[in-house]
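Peer 1: Compute the structure for the input listed below.
(2 chains, ligands or ions: 2)
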Amino acid sequence: MSVLERAQAVLPAPREPIVNDFSIAVATVNGTGSQTANLTLLRSFFRLGIPVHGKNIFPSNIQGLPTWYHIRVSREGYVARKPPDILVAFNPTTAAEDVQGLPAGGVCLYATDLKNLPQRDDLVYYPVPAAELLAGLEVPVKRRPYLANMAYVGALAWMLGVPLETVAEALAAQFEQRPKLVEDNLEVVRRAHAWASENLRKQDPYRIEPMEKTQGLILMTGNEAGALGAVFGGVSVAAWYPITPATSFMDALRGFLSELRRDEAGRPTYAVVQAEDELAAAGIVLGAGWAGARALTATSGPGLSLMAEFMSYGYFAEIPAVIWDIQRVGPSTGLPTRTSQGDVAFAYTLGHGDTKHPILFPSSLEECFEFGWRAFDLAEELQTPVLVLSDLDLGMNHWMGRPFAYPAEPLKRGKVLSAEALEVRGGFARYKDVDGDGIPYRTLPGTPHPLAAYFTRGSGHNEQAQYSERPEDYARLMARLARKFETARRLVPPPAVELHPQARIGVIAYGSTRYAIEEARDRLRERLPLSFLRLRALPIGPEVGEFVAAHERVYVIELNRDGQLHGILRAELPEHAAKLRSLAYLDGLPLTAAWVMARLLEKEEAA
Amino acid sequence: MKETTPLKPNAVGLSKKDYDGAPSTLCKGCGHNSIASQIVQVAYELNLKPHQVIKLSGIGCSSKSPAYFLGMSHGFNALHGRMPSVATGALLANHTLKAIGVSGDGDTGSIGLGQFKHLLRRNLRMVYIIENNGVYGLTKGQFSATAEEGLRLKYAGTNPFPPIDLCLEAIVAGCGFVARSFAGDARQVRELLKAALSHRGTAVLDIISPCVTFNNEDDSPKSYGYGTQHEKPLHELGFVPPAEEISIEPLTPGEVRLVELHDGSHLRLRNLEEAYDPTDQMGAIRRLLDAQARGEFITGLLYYNPHRPSLAEVEGLGTPLAQLPPALMRPGPERLEAVLRRYS
Ligand SMILES: Cc1ncc(C[n+]2csc(CCOP(=O)(O)OP(=O)(O)O)c2C)c(N)n1
Ligand code: SF4
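Peer 2: Ligands and ions are numbered 1, 2, ... in the order given. The predicted model follows:
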């Protein structure tokens, strides 16, 4: 029996169509250019108005290891990770395991040159003769593997009913200025589509129908959104050291800066430095912030570790700075290309001694953009480092979002005294709490006034910024910094609270896990009504305590082993500590609604 | 140049006292104090406006010294070895400031060697002074990476490792102004400081600055005794500011070399021992290695190259980034819309 005959021999009974509601996993070999094929699929669904989300589940390797791309198509608009119904098996080394992972009734679309593919009676198999489809195509040998991937795009287009014009548009959008690339890729898609229509019989229930749910939306990565936000926040100095998954943040930032930030003469109004390491990146950011420019760095866990000494300095010497931490899995170099929320406890108190930092938690493209600019306002208003905790899932994957709102407020530069203000006041004391909010006044180097200068140091100082080891000076300074942190509670974005009138149970979470939690909440609506508080910043404001008080139990869901946010909340809300329960989970993959539902039900049954 | 009376106001209306800092808390007789007082003298003589100067340092006795000069200038006492990165950020934010960095040999040669080398690669426009005493002063007498091999110290024992020559490191890293001096030679320190302030990029001054508490035995090459007896200037130095007409003492040709600095000022080098050419990079390296082999202590302008642009020039910066008006910091709504259209 030929491969084709075997694949089509067992015909399961026709099933009810499943429209716009499935997940696809594309398994390929890293470094074969599958990203183009996958983004073409993603964009095609998006163009057809169907809510979609793609997750790149990739190895820490340039070439050769297995990589997966998960596409979730959801007419209801859910974008959390969901185990695949459809597998594109294009990687020989993982094919067996990938096939075993499919649910009954699933589909396996496979490259015909794969050997020993497990045969399951409860799956639909479709072969794709990728190599043969390239026959006669005039392309350099080097580009062949890339084009071979387009074969599964064509086969899927046939299987799901994606119009070829839509695929063509999606490809054109990717290769804006390179029509030859569009044409070559499209040719393979067409051939695969034609081959499938002639040789295969559709036996699976999955298909798509155009909708109108993505009109007016954008498709972007969180890192691009954050970088764009920073540009509209006036970032002028950026320094960094390459690290996944923060690199694409800086790549995007450089691109946007060179496009958007030039003066009338065409000169750049920014500087980007690739530093020698994260220590230097942090130092450059502090130096620039001290001298009055808005400065940021982007990094991930290992880089954040190196920045600790400077962040402690920035806290104590009171210098604005913005650090984007795109979290990946630790400890140590951990799983460099997998996602987690494992830095929160470390980031909150980054530094030795009593150091505390405000943290922003974006959870969507819109918030990446908004916190991109708002972080600078906060850092300058509070004169302190502000961390933005994103993660690999949010940062590197493509998400749908509403077009960003242009910042409504003017730039807030904080308490900076000009020469004129100094003249009126007759000078100033750098570290004196004049307004009772814990935030002192500062001057910038270069201010033309004899009373402008002060001395910045990371060691003990009095209100006049002079070196001091006097117990009362130190105690007063530390008390004021704590007061300033109380002011931060009022300035950071409040949580997003969605109360369910019948809910006895609440959930607290932050960042990219929101999508799995929202889906779980909707699906549990009848069985277990839930209220959801999505934290958008630390330190917490009064809303969090009120939320906990209003519920019998509150689960803190997060992507780390030890329940770090749970620990922080228990410490900040000792009176409610007994009500706070931890649901923490970490295996490197993004959260699923199924996990959230199962764990909540299990915990509640035991409660 | 002749000494000026300290109380007389200079061209910007300041007396020498106006350039003082807080009283020093360093040991009496510490070389770092003499260097601080030369910085005060030079700033006064060059009519620097204190608000246009920033002073930065790392950690160590030497790095404390910015508190002891130019009290009317903004100061930044950074972390151990990390002053270069802070200076980079500060000067990217405002490239019109004049930056004076002060570091120690431990600060620059050990924990900060990486940042030092990268500062030089980027050619930040600043004067970078290493107050080199061969020991860690502030942590009480351990060997630093510039201590000579075989040096015996009361507290630290015998140093088994060869020293790092920071001038060699600077020349190799592409620094365009590298000089060595001796804290006990006030006049040379002063003239070099003036020239360094006029340089286009990073100017490194490695100044042997004896630690009288932990490394001042006469047989130590970083002591006062040794320095005074063995200093071998390559040339006699005289700084000529741009405003003054360049007058050269009537000397036989070949004896005097004029080096033009970035801002039009000049350094007048009168050769003492040989026809030393500070613009010859290989020659400078050879001369330093030679001096090392012979245990010689040479001072003066070792290497000079005015051609490499500074970091701010490379970046093409105009208005200081710290002084951008809001309109230049936040592009208009139509620009945002145009970007977003590409993502729809
Ligand atoms: C990260 C870090 N490690 C160690 C120290 C302790 N420390 C303070 S000063 C110093 C040595 C400074 O020596 P040097 O730069 O030669 O300056 P000197 O005191 O001799 O002028 C050290 C190791 C520190 N402050 N920070
Ligand atoms: S210990 Fe040495 S370096 Fe430090 S102040 Fe005293 S003499 Fe100077």
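Peer 1: Next up, the contacts around the closest residue to chain B within the stretch 501-607 of chain A.
Peer 2: Going by Cβ to the nearest Cβ, chain B is nearest to A:Ser512 of the stretch 501-607 of chain A, at 18.9 Å. Quick note: C-beta positions are derived from backbone N, CA and C, even for glycine. By Cβ atoms under 8 Å, 6 or more residues apart in numbering or on different chains, the contact list for A:Ser512 reads A:222, A:339, A:363, A:390-391, A:393-394, A:590-591.
Peer 1: how about the residues of the stretch 101-250 of chain B that lie near ligand 2?
Peer 2: Applying Cβ under 6 Å from any ligand atom, one finds that the stretch 101-250 of chain B approaches ligand 2 through B:133, B:137-138, B:211-214.
Peer 1: what about 8 Å?
Peer 2: By Cβ under 8 Å from any ligand atom, the part of the stretch 101-250 of chain B that sits against ligand 2 consists of B:104, B:131, B:133, B:135, B:137-138, B:140-141, B:209-216.
Peer 1: Which of those residues ranks first by neighbour count?
Peer 2: Top of those by neighbour number is B:Gly104, holding 35 neighbours under the definition other Cβ atoms under 10 Å in any protein chain shown.
Peer 1: Determine how far the last residue of stretch A:116-126 lies from the first.
Peer 2: Counting by Cα to Cα, to the nearest Å, you get 15 Å between the two ends of stretch A:116-126.
Peer 1: try stretch B:198-210
Peer 2: First-to-last distance for stretch B:198-210 - Cα to Cα - comes to 27 Å.
Peer 1: Could you check how far that stretch is from the centre of its chain?
Peer 2: Relative to the chain's own centre, stretch B:198-210 is displaced by 3 Å; criterion: Cα atoms, centre = their mean, to the nearest Å.
Peer 1: For the residue in the stretch 501-607 of chain A that ligand 1 sits nearest to, grab the count of nearby residues.
Peer 2: Here the stretch 501-607 of chain A gets closest to ligand 1 at one residue, A:Gln564, 26.5 Å apart by Cβ to the nearest ligand atom. Applying other Cβ under 10 Å, we find 22 other residues in the vicinity of A:Gln564.
Peer 1: so who does it touch?
Peer 2: Contacts for A:Gln564 were tallied using Cβ under 8 Å, 6+ apart; they are A:341-342, A:344-345, A:558, A:584.
Peer 1: mind pulling up the phi and psi values for it?
Peer 2: The phi and psi torsions at A:Gln564 (degrees, to the nearest 10) take the values phi -70, psi -40.
Peer 1: Excluding residues flanking it in the chain, which one is nearest residue 324?
Peer 2: No chain was given, so I picked chain A. A:Ala298 (4.0 Å; Cβ to Cβ, 6 or more residues apart in numbering or on different chains).
Peer 1: not what I meant, chain B
Peer 2: Counting by Cβ to Cβ, 6+ apart, the residue nearest B:Leu324 is A:Thr269, at 5.6 Å.
Peer 1: so the one you found makes contact with B:Leu328?
Peer 2: Yes - the criterion here is Cβ atoms under 8 Å, and A:Thr269 meets it with B:Leu328 at 5.0 Å.
Peer 1: who touches both of these two?
Peer 2: Common neighbours of A:Thr269 and B:Leu328, using Cβ under 8 Å, 6+ apart, are A:261, A:263, B:319.
Peer 1: so what strands line up beside the lowest-mean-pLDDT helix or strand in chain B?
Peer 2: Taking mean pLDDT, DSSP states H and E as the measure, the helix or strand of chain B with the lowest value is strand B:256-260, at a mean of 86. Partner strands for strand B:256-260, per DSSP bridges, with pairing direction: strand B:266-271 (antiparallel).
Peer 1: How far off centre is the strand it pairs with?
Peer 2: 18 Å.
Peer 1: Now tabulate the contacts of A:Gln564 in JSON lines and tack on pLDDT, neighbour count and secondary structure.
Peer 2: What follows is the contacts of A:Gln564, written out as JSON lines (pLDDT from 0 to 100; neighbours: other Cβ atoms under 10 Å in any protein chain shown; DSSP: H, G, I helix; E, B strand; the rest coil):
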{"residue": "A:Gln341", "pLDDT": "98", "neighbour count": "27", "secondary structure": "coil"}
{"residue": "A:Gly342", "pLDDT": "97", "neighbour count": "24", "secondary structure": "coil"}
{"residue": "A:Val344", "pLDDT": "98", "neighbour count": "25", "secondary structure": "helix"}
{"residue": "A:Ala345", "pLDDT": "98", "neighbour count": "16", "secondary structure": "helix"}
{"residue": "A:Glu558", "pLDDT": "98", "neighbour count": "27", "secondary structure": "strand"}
{"residue": "A:Ala584", "pLDDT": "97", "neighbour count": "20", "secondary structure": "strand"}
